[in-house]
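> Provide a 3D model corresponding to the input given below.
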Amino acid sequence: MKNIALLVLAMFIISCNENNEKADAYGNFETTEITVSSESNGKIEFLNLEEGDVVEKGKTVGLIDTLQLYYTKMQLIASQKTVSSKSGNVLSQKQVLQEQLKTAKIEQTRIKNMFSENAATKRQVDEINGKVKVIEEQIKGVGTQNAPIKNEANSFSVQIEKINDQIKKCNLVNPIKGTVLTKYAEPNEVTTFGKPLYKIANLEEMNLRVYISETQLSSIKIGQQVKVKIDDFEQTKEYTGNIIWISSQAEFTPKIIQTKEERANLVYAVKIRVKNDGSLKIGMPAEIWIK
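Numbers count the residues shown, from 1 in each chain. A predicted model of the protein is given here:
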């Protein structure tokens, strides 16, 4: 009986020591939160998401009214067609002049041959040379007229592409796969450029930010696995985490630490990535064991 009592007492002492064992570091879970904002002005036609929804990357979740942009685009297209028709008239004139130049050059060759055989006068040669030169100058002038018309048509093309980009931005496309944390707007509300619509974050993996002392720094490295524990009713729940970042600069312990003495110490921030089974939440406290 005496031996059994001693054995029970020893087991109790060991159990107490294990329960009183202090963690190597403490911190809170965080993740990258993205606030999706409007890139255009207008009425929200629809916004198909709610807080807590898991939304895939690239999914169209909403639309901002594009009617006024569409009318502007149609107006620009009509103006571009009008300008292009002017360019067509100029090109037609150029083709006519080119045919006249072709005929004049044939005549020029014929008269020069006749002049070499004394069958034409010097005056006839000068006249045909002058006629060819005049037509060539007319062709150059028509080309000069067409340049500003082409520039104006190109300007309309740029404006149309700008409108197309604005219409594209009226489609609200979700940037990452994640969980909707907060919804700031509702359908039929009028939004403006830069106004937040919703906040989303990837909660499948969470980052635990902890702070370690200088003496602990030599015992950790990037990629190292550590134990992570959170409170789960009257016991703790354990996870495996991987160290993904270690600060290169020391800092004073943040104010979330309880005592002034601990806040006066210099520590290093460390991030540990933990796969989330649904229990981990943003801001939740946790502790780690390095060994």
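
> enumerate every residue touching Thr32.
Ala201, Asn202 (Cβ atoms under 8 Å, 6 or more residues apart in numbering). The way it works is simple: take the backbone N, C-alpha and C, and place the C-beta from them, glycine included.

> what distance do you get for it to Tyr239?
Distance of Thr32 to Tyr239, given as Cβ to Cβ, to the nearest Å: 19 Å.

> swap in Thr121?
Per Cβ to Cβ, Thr121 is found 107 Å from Tyr239.

> so who does Leu97 touch?
Contacts of Leu97 (Cβ under 8 Å, 6+ apart): Ile135, Gln138, Ile139, Val142.

> over to Ser219: give its phi and psi.
Note on Ser219: backbone dihedrals following degrees, to the nearest 10 are phi -100, psi 10.

> if you rank every helix and strand of this structure by mean pLDDT, what lands last?
Using mean pLDDT, DSSP states H and E, the weakest-scoring helix or strand in the chain turns out to be helix 2-19, at a mean of 39.

> now do the buried residues in the helix or strand just after that helix.
Sequence-wise, the next helix or strand downstream of helix 2-19 (DSSP states H and E) is strand 25-30. Going by neighbour count (16 or more other Cβ atoms under 10 Å), the buried part of strand 25-30 is Ala25, Tyr26, Gly27, Asn28, Phe29.

> quick check: mean pLDDT of the longest strand out of those in the chain?
In the chain, with assignment by DSSP state E, the single longest strand is strand 235-246. Mean pLDDT, computed over strand 235-246, is 94.

> sheet-wise, list the partners of the very next helix or strand once past that strand with their directions.
Later in the chain than strand 235-246, the nearest helix or strand by DSSP H and E is strand 251-252. Using DSSP bridges, the strands paired with strand 251-252 are strand 266-275 (antiparallel).

> mind checking the pLDDT average for the partner strand?
The model assigns strand 266-275 a mean pLDDT of 94.

> please compute how far that strand lies from its chain's middle.
Distance, stretch centre to chain centre, for strand 266-275: 28 Å (Cα atoms, centre = their mean, to the nearest Å).

> so where do the helices sit in the stretch 1-150 of the chain?
Remark: helices assigned in the stretch 1-150 of the chain by DSSP state H, counting those that start in this stretch are 2-19, 67-116, 122-169.

> show the pLDDT at the nearest residue to Leu47 once chain neighbours are set aside.
The spatial neighbour of Leu47 that comes closest, neighbours along the chain excluded (Cβ to Cβ, 6 or more residues apart in numbering), is Gly62 at 4.0 Å. At Gly62, the model reports a pLDDT of 97.

> Glu30 is in contact with Gly283, correct?
Yes - using Cβ atoms under 8 Å, Gly283 is in contact with Glu30, at 7.5 Å.

> just the contacts of Leu97 now: which is nearest Tyr70?
Val142 (36.7 Å; Cβ to Cβ).

> and the closest one, how far from Lys86?
12 Å.

> likewise Glu137?
Separation of Glu137 from Lys86 (Cβ to Cβ): 21 Å.

> what about this protein, any weak spots by pLDDT?
Low-confidence segments of the chain (pLDDT under 70): 1-20, 87-91, 143-144, 146, 254-264.

> helix, strand or coil: sort out the residue nearest to the spatial centre of it for me.
Central residue of the chain (Cα atoms, centre = their mean): Pro175, 7.5 Å from the mean position. The three-state label for Pro175, taken from DSSP: H, G, I helix; E, B strand; the rest coil, comes out as coil.

> is it correct that it is in contact with Glu33?
No - counting by Cβ under 8 Å, Pro175 stays clear of Glu33, with 11.9 Å between them.

> so what sits against both of the two?
Taking Cβ under 8 Å, 6+ apart as the contact rule, Pro175 and Glu33 both touch Ile200.

> can you pull the contacts of the closest residue to Gln249 other than its chain neighbours?
Closest residue to Gln249 apart from its sequence neighbours, by Cβ to Cβ, 6+ apart: Tyr268 at 7.8 Å. Going by Cβ under 8 Å, 6+ apart, Tyr268 touches Tyr211, Ile212, Ser213, Glu214, Leu217, Ile246, Ser247, Gln249, Ala250, Glu251.
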